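[1] Starting from these lines, generate the structure:
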Amino acid sequence: MFRLSAFLIALSACVFGVTSDGKLDSIYSVNEANNVTQASLTCEGVVGRVTDCSECYSCDDPLIERQKAHNIMRLTLNDVNCASSEVICCLSQSLLRFRDKDQDYTTCGKYVPEGNPRALRPTLRSVLQGEYPWRAWIYRTPDFSKPLCAATYVNQKARTLVTAASCVDGFRAHQLQVLFDKDPINHDPKDVIQLDIHEDYNKVTHENDIAVLSVSSVPDDAERACQSIQPVPHGTACVAVSSDDFFINQAIPLQHNCAEDNKPLHNSLMCAAAHRDDYTPELGAGLYCMDEQLDNNVYMLVGVYLYSALEGVAAINTNMTHHINWVNARANEHMQRQ
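    Residues are numbered from 1 along each chain as shown. Next comes the predicted model:
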């Protein structure tokens, strides 16, 4: 019946998403091989119900394993032969909290589809200036011909941006400037006044490959990206941007699928999956995933791009949720020194 990696099932209580990691795909692939008759179709389906809007996963999914048992609702999938083929585990969407309750999410992560200033999109995948108003670029002063890398604006009070340590390692703050747009004529460079590279940064393995920098001022039209307090579930659709300003549609896979030479990714890293022949994100650029809520959809900074692996299908990023406390601590220190 189904071969999709993500699909929707409608119940009387709600419409909820079921995300497959391959195991559910195999269930439906087996079912499809059986002789399907009109009578047998009455058997196939979901047994059980949920009480509100829920998201469902394979029961051994890491997201399920992190939850308390009493929060998990189990549903049974019946195959076309009226046999129980699999149990899936569901969670109320209210429990999937990616936002810090003490932070204001009304002033971050707001996408501007028409760009700023307003402009026509030259191609379907073109990213307009100001469309993601937290994007920025780091330059070695006074050379503005080509950026060293990209960065993401994350903290308004401390005027702090996040980038890859591998981009700014070896530089001092006074050697760097930041632009919030790529206009070669009317650019307005901002001085970097403070720079911190993670104390456990490993140049060889890229573990803890992250740096924060604060600038002298921020343009009025710049908006910060939001920060997620938990890893987003696998199957989440996200977006990155190439150096020539094209959208790159990416998705979060099961992280163990990105292991290289049978070595799992370090906790300070995470991966996203993209088409093998697609554009490549900029070094230091953000991986942005939308957190959808009823009255306030915002983009979260989930990763900082480092390099591509597995023949180009895996984009390896610094794991922002792993470093959120470190980033916020450095931003607070910067603010106190200003």
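
[2] Can you show me the helices along the stretch 101-250 of the chain?
    Ranges of helices within the stretch 101-250 of the chain are 165-168, based on DSSP state H, counting those that start in this stretch.

[3] Show me the strands in it, by range?
    Using DSSP state E, counting those that start in this stretch, the strands of the stretch 101-250 of the chain run over residues 135-140, 149-155, 160-163, 176-179, 190-197, 211-215, 226-227, 237-241, 247-251.

[4] Show me how far the fourth one is from its chain's centre.
    Taking CA atoms, centre = their mean, to the nearest Å, the mean C-alpha location of strand 176-179 is offset from the chain mean by 25 Å.

[5] Check the longest one too.
    Here strand 190-197 shows a centroid-to-chain-centroid distance of 25 Å under the convention CA atoms, centre = their mean.

[6] How about residues contacting that strand?
    138, 165, 168-169, 171-174, 176-180, 210-218, 330, 333-334, 337-338 (CB atoms under 8 Å, 6 or more residues apart in numbering). In short, each C-beta sits where N, CA and C put it, glycine included.

[7] give me that answer again for 7 Å
    165, 168-169, 173, 176-178, 211-217, 330, 334, 337 (CB atoms under 7 Å, 6 or more residues apart in numbering).

[8] Repeat that for the shortest one.
    For strand 226-227, contacts defined as CB under 7 Å, 6+ apart pick out 105, 108-109, 154, 298-301, 320, 324.

[9] one more time with 8 Å, if that's ok
    Contacts for strand 226-227 (CB under 8 Å, 6+ apart): 99-100, 103, 105, 108-109, 154, 291, 298-301, 320, 324, 327-328.

[10] next one: the second one
    The contact list for strand 149-155 (CB under 8 Å, 6+ apart) reads 134-138, 160-164, 167-168, 178, 180, 213, 218, 222-225, 227, 241, 243, 282-286, 301, 304-305, 327-328, 331.

[11] Could the C-alpha coordinates of it be exported in PDB?
    What follows is strand 149-155, C-alpha atoms only, in PDB (Å, rounded to 0.1, in the frame of the first residue of the first chain):
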ATOM      1  CA  CYS A 149      32.600  31.700   5.600                       C
ATOM      2  CA  ALA A 150      29.000  32.200   6.600                       C
ATOM      3  CA  ALA A 151      27.500  32.800  10.100                       C
ATOM      4  CA  THR A 152      24.100  33.000  11.800                       C
ATOM      5  CA  TYR A 153      22.900  35.700  14.100                       C
ATOM      6  CA  VAL A 154      21.400  34.200  17.300                       C
ATOM      7  CA  ASN A 155      21.500  36.700  20.200                       C
END
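
[12] mean confidence for that strand?
    Averaging pLDDT along strand 149-155 gives 97.

[13] so what's Leu287 up against?
    238-240, 250, 272, 281, 301-305, 315, 317 are the contacts of Leu287 under CB under 8 Å, 6+ apart.

[14] 7 Å instead, please
    Contacts for Leu287 (CB under 7 Å, 6+ apart) come out as 238, 240, 250, 272, 302-303, 305, 317.

[15] Mind telling me what element it is part of?
    Assessed by DSSP states H and E, Leu287 sits inside strand 286-291.

[16] Neighbouring strands of that strand in the sheet, and parallel or not?
    Sheet pairing of strand 286-291 (DSSP bridges) gives strand 237-241 (antiparallel), strand 298-309 (antiparallel).

[17] Can you tell me which of the ones you listed is packed in deepest?
    Neighbour counts (mean count of other CB atoms under 10 Å) averaged over each of the strands paired with strand 286-291 peak at strand 298-309, with a mean of 23.

[18] Can you read off the backbone torsions of Ile64?
    The phi/psi pair for Ile64 (degrees, to the nearest 10) reads phi -70, psi -40.

[19] before we move on, what about His322?
    Dihedral pair for His322: phi -70, psi -30, per degrees, to the nearest 10.

[20] Near it, how many other residues are there?
    Residues near His322, counting by other CB atoms under 10 Å, number 16.

[21] Check Pro113 too.
    Residues near Pro113, counting by other CB under 10 Å: 8.

[22] Quick check: nearest residue in space to it, chain neighbours excluded?
    Distances taken as CB to CB, 6 or more residues apart in numbering place Glu131 nearest to Pro113, at 6.6 Å, with adjacent residues excluded.

[23] ok so, going back, out of the contacts of Leu287, which is nearest to His70?
    Of all those, His70 sits closest to Val302, with 28.8 Å by CB to CB.

[24] ok, now how distant is that closest one from Asp191?
    Per CB to CB, to the nearest Å, Val302 is found 29 Å from Asp191.

[25] Pop the domain breakdown of this structure in here.
    Using automatic domain parsing, the domain parsing of the chain gives 6-95, 135-224.

[26] List the contacts of Leu265.
    Per CB under 7 Å, 6+ apart, neighbours of Leu265: 255, 258-259, 271.

[27] what's the most distant pair in the residues you listed?
    The most widely separated members of these, counting by CB to CB, are Ala259 and Cys271 (9.3 Å).

[28] These two - which one has more neighbours?
    Legend: neighbour count by other CB under 10 Å for Ala259 and Cys271, higher for Cys271 (28 against 14).

[29] Give me the pLDDT value at the nearest residue to that one once chain neighbours are set aside.
    Excluding the flanking residues, the one nearest Cys271 by CB to CB, 6+ apart is Cys258, at 3.6 Å. We have a pLDDT of 90 for Cys258.
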